[in-house]
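J.: Build me a structure from this.
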Amino acid sequence: MTITPWHCGTRRHGFTVTEVTPLPEINITLIQLQHDKTGARMVHLAADDPNNLFAVGFRTPPDDSTGVAHILEHTALCGSRKYPVRDPFFSMLKRSLNTFMNAMTASDWTLYPFSSQNHKDFFNLLGIYLDAAFFPLLKEQDFRQEGHRVELADAGNIGSPLTYKGVVYNEMKGAMSDPSSLLSRRLGPALFPTTTYRHNSGGEPADIPNLSWQDLRDFHSSFYHPSNAYFFTYGNFELDEILEVIEGQALSGFDRRDVASEVPPETRRDRPCRVEETFPLDPGTPTEKRTMVQMAWLCCDINDGLDRLSLSLLASLLLGNSAAPLYKALLDSGLGSNLAPGVGYHDDYRTTFFAAGLQGTEPEQVEAIEELILATLEQSARDGFSQERIDGIIHRLEFTVKEVIGDQYPYSLALLMRMIGPWIHGGEPVDALRFDALLAELKEKLADGPYFQDLIRRYLLDNPHRVTLTLKPDTGLKEQQEQATIARLEQLRKTLDEKQLQAIQKQARELETAQEKEDDLSCLPTLELADIPAQEAPVASTAGTLGGRPVRWFAQPTNGISYVNFHLSTNRLPEQLLPLVPIFCTLLTQIGAAGHSHTEMAERMEAATGGIHARTVILDVPDRLDRVQSLVAIKGKALVRNQSRMFEILGDICRAPDFTDLKRLHTVINQVKASLENSIPGAGHSYAARSAASGLTPAARLREMWNGLEQYRQIKQLAEKPPEQLADFAGQMKTIAALLLQKDNFDCAVTAEETSFPSFAPALESFFAGIPTAGSESAAPAAPFASRLQQQGWAASVPVNYVSRVFKAVPFTHPDSAALMVLSKLMRANFLHREIREKGGAYGGMASYSAEGGIFSLLSYRDPHLVRTLKVFDDAVRWAMAGKFDREQIKEAILSIFSDLDRPLSPGSRGSQEFANICQGLTLEMRNALRGRILAMDRETLAAAAARYLAPDTRISSVGVVAGETALKQANLELGDEALAIEQI
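T.: Numbering: from 1, shown residues only. Below is the predicted model of the structure:
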């Protein structure tokens with residue numbers, strides 16, 4: 001292949017290169033291009049990385065809260081000119097080895113990104129995405145399915161009430177009941193009264209029904225044009241080939257035109273204002289300490305690079321950790337339990353803003369919180385910050401720039417997220433990635449005078465464009481909203497005659513028929529099983545000992561960063577202390593140690609590390625389900641030059657943690673409580689499934705204890721105790737530390753560039769020398785695990801449901817584990833997606849199988865149904881037992897599995913994951929044996945596995961549901977003998 005030389009002025013396939021910029025600090029070359037005919041903009045990041053990414057984005061500022069941009073994002077992926085099938089996006093999820101596929105709607109842009117390591121797959125997906133973005137069908141039926149529609153509550157009874165349905169409608173009902181999400185949504189109109197950000201781009205449930213199909217098509221016609229397009233590619237595939245496809249399959253058919261999508265700067269207020277809003281809380285739920293208060297200031301333009309960087313660093317100085325003055329003042333005040341969601345600096349709008357506030361407070365504390373924030377800012381503006389703090393935040397920024405991330409999302413997507421805001425608002429994309437020049441300019445400013453103090457005065461203290469938002473609970477709001485929806489639908493019904501009602505019935509039948517119809521997917525590209533690597537790529541390591549402890553060394557391209565990972569067994573803990581291990585892990589790195597206060601420890605970690613964390617780890621035993629390994633993992637990362645300082649800090653934490661500051665324990669416990677509380681509306685399906693599985697295996701029991709609703713309830717009880725009543729708890733923490741943090745309980749892994757190993761070893765050896773040695777006897781054996789099946793309903797303040805049924809299956813090495821993995825993909829893609837999302841209107845219908853844990857799960861997410869969904873789960877099992885799938889669908893399910901299995905990890909995580917595999921006994925041979933069984937899967941084996949583990953007469957299964965109390969009680973009227981045992985979360 002001839003590699004095209006890229007320099008300014010190079011013209012290829014209708015594009016002209018306008019800039020070529022080496023970025024050695026991140027080992028990338030940025031190539032900026034423009035399409036000659038249409039003016040489409042493009043950035044390519046040439047990198048030695050096989051995980052290639054493509055994205056196309058559009059500036060899409062809405063002028064109302066009907067969710068038009070969000071619904072269009074969904075509907076554009078429901079069929080296009082070249083691929084006129086019902087759902088090419090979800091179809092390609094199962095015909096691809098993608099490492100990421102999604103679409104996303106922000107406040108003023110919409111983005112369609114995917115990534116893949118496979119060349120053929122990348123270009124398959126490129127064709128799909130280009131056609132979806134520029135030539136979608138946008139059929140009315142798809143708009144009604146994805147956006148909103150009106151149907152009869154009883155499809156067969158023309159006299160029944162009307163109801164709203166739609167995927168986005170139900171998604172946003174869930175999102176807008178989540179107080180942490182609602183806080184930022186309600187801040188928008190107050191902070192941005194004249195620009196697009198006053199609208200909810202996701203859609204307000206009350207406004208979504210106002211959107212028409214024609215409005216949707218008009219919005220696409222206005223904004224999804226190459227002259228308003230931003231293309232982004234990354235990786236090691238030849239750019240010339242990508243340009244040829246973009247030009248030939250999309251851009252060649254368009255001419256340049258003016259697109260009025262610019263977002264103007266916000267008009268500045270001349271005085272501060274206060275706003276009060278409410279969020280729904282179930283009747284009977286205590287409203288005490290549920291209020292959130294957020295102060296926010298409008299700041300600089302997104303393309304003011306120096307101020308943007310400076311404000312980001314200022315946010316870290318003020319709020320970045322427990323040593324930061326505003327963080328400390330807010331938490332020490334006792335006015336709330338945790339910082340409000342979204343505190344800090346936000347630079348993803350045209351005009352940026354800074355926010356600070358508290359959650360877990362009361363409405364009458366608003367003035368006190370305002371006064372405290374302003375007084376703390378005044379003190380910071382007067383006293384400034386120590387050079388050590390400033391050096392610390394600059395160090396953390398340097399670390400962030402150097403670290404290659406990309407475990408949950410591709411590293412390239414993180415780079416794109418840095419760029420896209422400034423880029424779409426007229427800035428130079430390279431500026432968002434070029435930190436060295438801005439840092440040099442910042443250091444000059446710092447040398448000239450009290451720079452950060454002046455920044456506080458200019459953008460915060462002397463800035464009249466300030467909003468204080470109070471978001472408080474209202475136990476009557478949910479009923480008011482429901483009654484308003486009913487009244488609206490009743491009024492609509494009065495305007496409809498019998499013919500129009502029959503038309504609604506007919507539309508519902510037609511949509512259901514379309515959803516039931518088997519699509520001819522032959523127009524879609526696909527891969528073959530031969531495209532899947534037969535073997536997993538090994539991760540090399542070297543085993544040794546240091547300081548009397550085993551150490552595993554992983555050489556990885558970490559860009560000058562070293563990672564250390566310690567595993568500590570919890571076997572020596574008595575059973576009554578096991579539930580407290582997660583909060584012990586949280587506290588360990590947030591308290592004082594070895595004579596240093598918690599604020600001093602926070603400052604040391606900021607100045608010398610990229611973070612030190614402790615967490616619980618559960619390792620399933622590969623060949624049996626009746627055993628489990630439970631661990632605490634302590635992880636640290638630092639630039640190579642700071643390795644010794646990192647180990648000094650780790651040594652203090654592990655040698656002498658200080659649990660005597662009861663007020664600090666109380667503060668952190670309340671922060672954890674608030675964080676867990678915030679997580680429930682967005683992860684209800686996970687909580688429901690963990691609760692249901694807890695009676696099936698010891699590992700699942702531990703997962704519920706450590707990561708489930710059981711842990712939340714325990715933290716909630718601890719949070720209710722005043723500091724002076726935490727002495728016994730502090731004693732328990734000290735006992736756990738004494739039993740866990742013993743030298744003979746440390747297993748270690750190091751991930752770094754091999755050249756840094758020699759300098760790493762002495763620091764690690766010194767660390768081990770300082771850790772106390774004591775007896776290594778284990779605690780008394782725990783009580784035998786007692787299996788327990790359950791039908792559990794958890795009542796929460798949510799307007800939608802999260803439904804799960806889980807099944808006990810087999811361990812990793814069992815021959816049937818491969819079949820269950822394939823079954824989960826088959827059932828999700830070919831049954832549950834249609835029945836739960838398309839027909840039922842839920843945001844998601846899912847199936848998953850944890851081969852390591854031996855748990856098979858059926859789940860729904862933000863679901864308007866409950867009883868119907870449980871019936872759909874049973875129907876899905878019958879479908880699987882009957883083998884109602886063909887060879888092509890099996891192949892697609894296998895491709896989907898390997899898309900997950902072979903997803904690339906960041907360099908640091910490759911070592912961490914392989915270390916866990918080694919500790920677990922999950923060998924490469926075992927993993928490759930599973931790959932072989934998956935690749936050899938057939939229909940008969942799959943149907944037999946479904947009958948063996950999922951069938952009603954053979955299954956070992958439980959149900960877990962998170963929903964509103966009314967929905968749970970209504971469901972029980974229909975469930976009869978299978979009624980749910982209802983508990984309040």
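J.: Would you mind giving the secondary structure of the most centrally placed residue in the chain?
T.: Nearest to the geometric centre of the chain sits residue 408, at 7.9 Å (Cα atoms, centre = their mean). The local conformation at residue 408, judged by DSSP: H, G, I helix; E, B strand; the rest coil, is coil.
J.: Residue 491 now?
T.: Secondary structure for residue 491, judged by three-state DSSP, is helix.
J.: quick one: the helices in the stretch 151-300 of the chain?
T.: For the stretch 151-300 of the chain, helices defined by DSSP state H, counting those that start in this stretch occupy the ranges 167-175, 179-191, 213-223, 239-249.
J.: what's near enough to touch the residue nearest to the centre of the chain?
T.: Residue 408 makes contact with no residue, according to Cβ atoms under 8 Å, 6 or more residues apart in numbering. Placement of C-beta: from N, CA and C, glycine included.
J.: just the helices of the stretch 151-300 of the chain: most buried one?
T.: helix 167-175 (a mean of 24; mean count of other Cβ atoms under 10 Å).
J.: Could you name the helices and strands sitting against that helix?
T.: Contact analysis of helix 167-175 by 3 or more Cβ pairs under 8 Å, 6 or more residues apart in numbering; DSSP states H and E lists helix 68-75, helix 140-146 as its packing neighbours.
J.: residue ranges of the strands in the stretch 201-350 of the chain, please?
T.: Ranges of strands within the stretch 201-350 of the chain are 229-235, 273-280, 291-301, 338-339, 344-346, based on DSSP state E, counting those that start in this stretch.
J.: Outside of the fourth one itself, list whatever touches it.
T.: Residues outside strand 338-339 that contact it (Cβ under 8 Å, 6+ apart) are 319, 327, 330-331, 356-360, 670-671, 673-675.
J.: any chance of those in a markdown table, plus distance to residue 628?
T.: Below are these laid out as a markdown table (distance: Cβ to Cβ, whole Å):
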| residue | distance to residue 628 |
| --- | --- |
| 319 | 39 |
| 327 | 37 |
| 330 | 40 |
| 331 | 36 |
| 356 | 42 |
| 357 | 41 |
| 358 | 39 |
| 359 | 35 |
| 360 | 34 |
| 670 | 30 |
| 671 | 29 |
| 673 | 27 |
| 674 | 30 |
| 675 | 26 |
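J.: ok, of the residues you listed, which one's closest to residue 848?
T.: residue 675 (24.5 Å; Cβ to Cβ).
J.: quick revisit: to residue 912, which of the helices and strands packed on helix 167-175 lies closest?
T.: With Cβ to Cβ as the measure, helix 68-75 is the member of the helices and strands packed on helix 167-175 nearest residue 912 (34.2 Å).
J.: Quick check: next helix or strand after the closest one?
T.: Using DSSP states H and E, the helix or strand that directly follows helix 68-75 along the chain is helix 88-93.
J.: coming back round to it: pick out whichever of the contacts of strand 338-339 sits closest to residue 467.
T.: residue 357 (10.7 Å).
J.: and the strand or helix carrying the closest one, which strands flank it?
T.: Using DSSP H and E, the secondary-structure element containing residue 357 is strand 351-361. The sheet places strand 351-361 alongside strand 291-301 (antiparallel), strand 338-339 (antiparallel), strand 344-346 (antiparallel), with pairing taken from DSSP bridges.
J.: Which positions within the helix or strand where residue 718 lies qualify as buried?
T.: Assigned by DSSP H and E, residue 718 belongs to helix 709-719. Judged by neighbour count using 16 or more other Cβ atoms under 10 Å, the buried positions of helix 709-719 are 709, 710, 711, 712, 714, 715, 716, 718, 719.
J.: Tell me the buried residues in the following helix or strand past that helix?
T.: Sequence-wise, the next helix or strand downstream of helix 709-719 (DSSP H and E) is helix 727-740. Neighbour-count burial for helix 727-740, counted by 16+ other Cβ under 10 Å, picks out 729, 730, 732, 733, 735, 736, 737, 739, 740.
J.: Run the angle between the next helix or strand after helix 727-740 and helix 727-740 for me.
T.: Downstream of helix 727-740, the next assigned helix or strand under DSSP H and E is strand 746-752. With axes from the mean of the first three to the mean of the last three Cα atoms, to 10 degrees defining the directions, strand 746-752 sits at 80 degrees from helix 727-740.
J.: And the contacts of strand 746-752?
T.: Residues contacting strand 746-752 (Cβ under 8 Å, 6+ apart): 541, 546, 549-556, 558, 561-568, 640, 757, 760, 764, 768, 771, 907-908, 910-912, 915, 919.
J.: redo that, cut-off 6 Å
T.: Strand 746-752 has contacts (Cβ atoms under 6 Å, 6 or more residues apart in numbering) with 549-554, 556, 558, 562-567, 760, 908, 911, 915.
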